[in-house]
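J.: Test case, fold it:
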Amino acid sequence: MNRRFVMPALLIAVSLVPRVQAQGDSRDGTQPDPIQSYLQPLVQNHTIAGAVTLVANRDGVVYLKAVGDRDVAAKAPMATDDMFWIASTSKPMTVAAFMMLVDEGKINLNDPVEKYLPEFKGQTVALPHADSASGAPGAADPQKAPPLVPANHPILVREILSHTSGLPFRSSAQLVALDRLPLKDAVRSFAAEPLIFQPGTSYTYSNEGINTAARIIEVVTGMSYEQFMQERLFNPLGMKETTFWPTAEQVKRLAKQGRRI
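T.: Predicted structure coming up:
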C-alpha cells in the first residue's frame with residue numbers, strides 16, 4: 001500500500017459524478033451559453049488549460065460540459081469524465097465524515113484533542129521574538145529558538161476543525177513533502193512541536209488540524225482513515241471514482257497541469 005496518499009489534504013483523483021455522456025443545458029442552441037462564454041476566454045488567454053462544469057438540482061444533472069484540454073502537451077481535449085487531483089477539497093469531505101461520528105455521539109466537539117490522542121498533552125506555544133530596537137514582535141531569529149509558554153487550554157476538537165487550534169500548516173517533519181509519512185506518524189510530529197498561537201485566539205489555515213481530525217477518526221473507529229472514508233462516505237454517496245489509488249485506466253483520464261503557449 002502506498003501510504004503517500006493517506007493524508008486528508010492530498011486525497012487524489014476524483015470524478016464526483018457518474019461517467020455520463022456530455023450534455024448541454026435545456027436551451028435549443030439559439031441562446032448563448034453563459035458558462036461556456038465565461039470559461040472559453042480563460043482557456044484562450046491561458047488562465048486555465050481546461051475545466052469541467054456541472055450543474056445539478058434535486059432532480060439530477062441539468063448541465064455538464066467540458067472546455068479546453070486535459071493534457072496541453074498532448075493536445076488532448078478535456079472530457080466530462082476526466083479525473084482531477086483534488087488536494088484540499090478533501091478537507092470538507094474529511095470533516096463531513098468526522099461529523100458523522102459527532103452525530104453518533106462518539107466524538108464531542110468540545111473535548112480536548114488529547115482525550116483521543118494523548119500525545120497532545122502538555123502543549124506549548126512559541127512566542128514571536130521581540131524586535132531588539134522597539135520591543136515589538138518581529139521575525140523569528142533562525143539561530144535562536146523562540147521562547148515557549150504553556151498553552152492557555154488544551155486544543156479542542158472544534159478548534160482543529162476551524163483552523164483556530166494554533167497548529168501550523170505543516171510540521172518540520174514534512175518540509176520535503178506533505179505526503180511522505182503515515183498519518184499516525186505525521187500527527188505525532190504535529191504534537192511534538194509548539195503551537196504558533198494560543199488556541200482559540202487566532203486563525204491560520206492548517207493542514208495539521210484536519211489531518212489530526214482524520215487520525216481521531218482512526219482511533220475512535222478502529223478503521224484506517226481510507227477505509228472509513230470509503231465505507232461511510234464514498235460508497236453510500238455513489239462516489240465510485242473518488243479514490244486514493246487511481247487505476248491505470250483512471251490515470252489515463254487524469255488532467256495534467258500545464259499552460260497553453
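J.: Would you check that Val219 makes contact with Lys115?
T.: No. Applying C-beta atoms under 8 Å as the test, Val219 and Lys115 come out as separate, 9.9 Å apart. In this view, the C-beta of every residue, glycine as well, is placed from N, C-alpha and C.
J.: OK, contacts around Ser68?
T.: Actually, residue 68 is Gly rather than Ser. Gly68 makes contacts with 39, 43, 48-51, 77-78, as judged by C-beta atoms under 8 Å, 6 or more residues apart in numbering.
J.: pLDDT score assigned to Pro146?
T.: pLDDT recorded at Pro146 is 81.
J.: Not counting its neighbours along the chain, what's nearest it?
T.: In space, Pro146 comes closest to Ala126 once its chain neighbours are excluded; the distance is 4.2 Å by C-beta to C-beta, 6 or more residues apart in numbering.
J.: what number of residues lie near the one you found?
T.: Residue crowding around Ala126 was assessed by other C-beta atoms under 10 Å; the count is 18.
J.: For it, give the beta-bridge partners.
T.: Judged by DSSP bridges, the bridge partners of Ala126 are Leu148.
J.: who are the neighbours in contact with it?
T.: When contacts are counted by C-beta under 8 Å, 6+ apart, Ala126 touches 140, 146-148, 194-196.
J.: What subset of those residues is buried?
T.: 194-196 (16 or more other C-beta atoms under 10 Å).
J.: Closest one of the contacts of Ala126 to Asp103?
T.: Leu195 (28.5 Å; C-beta to C-beta).
J.: Torsion angles phi and psi at the closest one?
T.: Note on Leu195: backbone dihedrals following degrees, to the nearest 10 are phi -70, psi 160.
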